[in-house]
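Enquirer: Predicted coordinates and the sequence they were generated for:
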Amino acid sequence: MNIEFTKYHGLGNDFILVDNRRSSDPCLTPEQAVQICDRHFGIGADGVIFALPGQDGTDYSMRIFNSDGSEPEMCGNGIRCLGRFLADLETADHGTAHEQYRIQTLAGVMTPKLEANGQVTVDMGIPHLLAAEIPTTIAAADQKAIASQFPGGVIDQPLEVAGQIWQVTCVSMGNPHCITFVDDVEAIPLEQIGPKFEHHPAFPQRTNTEFIEVVRSDYLKMRVWERGAGSTLACGTGACASLVAAVLNGRCDRRATIELPGGCLEIEWAADDRIYMTGPAERVFVGKF
Ligand code: ZDP
């Protein structure tokens, strides 16, 4: 194995980016991804992202492997890093770069846009709420008032995890998320209960899990246990899903700041039903493995 890579992070959610523009097949296997993501025996990262040729008229495509080798449909912090990586590659190739990219992912087309202030804004598409779309076997909240607005959605429903009943709301941003509102996110024993949510039989594709403390109607604090990566410093799709869950439960505005252990993201659920996420994406180093 001899690959050139660039390391990026979005709020400490870190990725190995690989220039895979000359082939539609990722140049690493999931097993190799596990090896290079190892923080002691490899480069160290939460995942590996491949910049692939576009499909169906898009500029590029993205594939990502989690640090356990599983393949998620989407990655919010990762796609901001990919936007920055593509601009860096184009600049190295011909001195200029696009400001916006249409990128094919397994969750549909996403469009990261590089802002003049260094932030990256991504049109993350529309959230999916139907139980079968998450996917989850938890019953929809059809007995609740909210169901008239969002029929078939799993909103504020009970789920038993680790001998305790949690009220959960489920949202798909292309990948599955299970959100619980708590009084104090710091008090959650994430390493113990995170895996129990991730592997709960109610989630046939496993799930990402977010614990949310509503500080104000425009400010949420979040801790995340990621499917296939565990406790991470940030999760972009998780922040988007959490804002949607908070709006559905009448707990926050359609635009809010989400504070993660690695820093803040701005998330908006716009009138066109699409989610817009703004946050940083930074290059850390380049190397050869
Ligand atoms: O869905 C999953 O398996 C996640 N681990 C994918 C990665 C999500 C990420 N944290 C994000 O920012 O959306 C990278």
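Expert: Sure thing, it's come through.

Enquirer: Tell me the residues of the stretch 151-289 of the chain that contact the ligand?
Expert: 175, 208, 226, 227, 228, 229, 232, 235, 236, 237 (Cβ under 6 Å from any ligand atom). All C-beta spots, glycine's among them, are computed from the backbone N, C-alpha and C.

Enquirer: mind listing what residue 115 touches?
Expert: Residue 115 makes contact with 121, 278, according to Cβ atoms under 8 Å, 6 or more residues apart in numbering.

Enquirer: what does residue 59 give?
Expert: 86, 98, 101, 102, 103.

Enquirer: low-confidence ranges in the chain?
Expert: Low-confidence segments of the chain (pLDDT under 70): none present.

Enquirer: Quick one: the helices in it, in order.
Expert: 30-37, 76-94, 190-198, 236-248 (DSSP state H).

Enquirer: what's the distance between residue 163 and the ligand?
Expert: The spacing between residue 163 and the ligand, counted by Cβ to the nearest ligand atom, to the nearest Å, is 26 Å.

Enquirer: That residue: how many residues sit nearby?
Expert: For residue 163, the neighbour count with other Cβ atoms under 10 Å is 6.

Enquirer: And residue 88, by the same measure?
Expert: Quick note: residue 88 (other Cβ under 10 Å) scores 17 neighbours.

Enquirer: you'd agree it is up against residue 6?
Expert: Yes. Under the criterion of Cβ atoms under 8 Å, residue 88 makes contact with residue 6 at 7.3 Å.

Enquirer: Quick check: neighbours shared by those two?
Expert: In contact with both residue 88 and residue 6: residue 283, using Cβ under 8 Å, 6+ apart.

Enquirer: Could you tell me which residues of the stretch 1-150 of the chain lie near the ligand?
Expert: Residues of the stretch 1-150 of the chain lying near the ligand (Cβ under 6 Å from any ligand atom): 13, 66, 72, 75, 76, 77, 78.

Enquirer: For these, give me CSV that also has neighbour count.
Expert: CSV is the format used below for these (neighbours: other Cβ atoms under 10 Å):
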residue, neighbour count
13, 31
66, 22
72, 25
75, 30
76, 28
77, 34
78, 29
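
Enquirer: Looking at these, spot the one nearest residue 198.
Expert: For those, the residue nearest residue 198 by Cβ to Cβ is residue 66; the value is 11.3 Å.

Enquirer: For the closest residue in space to the closest one that isn't next to it in sequence, give me its contacts.
Expert: Closest residue in space to residue 66, ignoring its immediate chain neighbours: residue 228 at 3.2 Å, by Cβ to Cβ, 6 or more residues apart in numbering. Contact partners of residue 228, counting by Cβ under 8 Å, 6+ apart, are 66, 67, 68, 69, 70, 72, 206.
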